[in-house]
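Novice: fold the following and give me the result.
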Amino acid sequence: MQSVFCTRLTMSGVYRAPALVFALIFGAVFMSTKAQEPTSSPAPTPCPSRSNTSCAECLQNVTCLWCTPTKQCMDYPVRNILPPRSVCPLNDARWGLCWVNFQILIITMSVLGGVIIIGIVVCCCCCCKCERIGNKREDAKVERQTRARKSRQKAKRTEMHLRHDEIRQKYGMAKDNPYARMNDQ
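Specialist: Residues are numbered from 1 along each chain as shown. The predicted structure is shown next:
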C-alpha cells in the first residue's frame, strides 16, 4: 500500500502532499474568518462603564474583557498576552465571544497546533521515505543493468577469443606458448 502511495506521489516528480496540507490549512483559516465591513460608529464607550450589564454588551468593543463571576467589563490588559489571574481567572475571562473562555481557547489552539505540526512532520517524513525508496529502486535497477552488460561483454569477449583461436588453428598459427612471437613459429 505504501509503495502505491509513494509512486502516486512521485509520478509527476512533484510531491503534492505538503501542498495539499497547506491548501487545507489555508482554506480552513480563510473560511473561518469573516470579512468585516467598515462601519462608522460613534466613539466607543469606555469598558468600565459597561460593568454590571451583559457579556454581549461589554464585548461589542474589541478592547474590552468580560469577567463572568464579578460581571465586570474592563480594558483588556494589553501588556500581557493572557489576562493575569489577579484580573480574572482564565476559566471565567471572555474576550471576543461570550461562549469562549481563555482556558478552552488555549487548550484547543494547543491541540490544533500540535496536530498541524505532527501532520507536517509526518508528510515530510513520508515524502523523504518515498524518495529514498524510489532512489533505492533506481539504484538497484542500474546495478542490475550494469551486471547484465558486464556479463554480456564477458560472453562476447570469450566468444571472440574462441573464434580467434579457431582461425589460428585453421591456418596453422596456433600458439602453444602464448608468449612466443609469431615470427618464431
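
Novice: could you dump stretch 139-155 to PDB, C-alpha only?
Specialist: Only the C-alpha atoms of stretch 139-155 are listed here, as PDB (Å, rounded to 0.1, in the frame of the first residue of the first chain):
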ATOM      1  CA  ASP A 139      20.000   2.200  -7.900                       C
ATOM      2  CA  ALA A 140      19.100  -1.500  -7.800                       C
ATOM      3  CA  LYS A 141      17.800  -1.200 -11.400                       C
ATOM      4  CA  VAL A 142      21.000   0.500 -12.600                       C
ATOM      5  CA  GLU A 143      23.100  -2.100 -10.800                       C
ATOM      6  CA  ARG A 144      21.200  -5.000 -12.400                       C
ATOM      7  CA  GLN A 145      21.700  -3.400 -15.800                       C
ATOM      8  CA  THR A 146      25.400  -2.900 -15.200                       C
ATOM      9  CA  ARG A 147      25.800  -6.500 -14.100                       C
ATOM     10  CA  ALA A 148      23.900  -7.700 -17.200                       C
ATOM     11  CA  ARG A 149      26.000  -5.500 -19.500                       C
ATOM     12  CA  LYS A 150      29.300  -6.800 -18.000                       C
ATOM     13  CA  SER A 151      28.200 -10.400 -18.300                       C
ATOM     14  CA  ARG A 152      27.300  -9.900 -22.000                       C
ATOM     15  CA  GLN A 153      30.600  -8.200 -22.600                       C
ATOM     16  CA  LYS A 154      32.400 -11.100 -20.900                       C
ATOM     17  CA  ALA A 155      30.500 -13.600 -23.000                       C
END
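
Novice: mind starting the numbering at 353 from now?
Specialist: In the new numbering, first residue 353, that becomes stretch 491-507.

Novice: let me see the mean pLDDT of that stretch.
Specialist: Mean per-residue pLDDT for stretch 491-507: 91.

Novice: look up how far C440 lies from R515.
Specialist: Here the criterion is CB to CB, to the nearest Å. By it, R515 lies 99 Å from C440. From N, CA and C alone the C-beta is placed, and that goes for glycine too.

Novice: the two - which one has more neighbours?
Specialist: C440 (23 against 10; other CB atoms under 10 Å).
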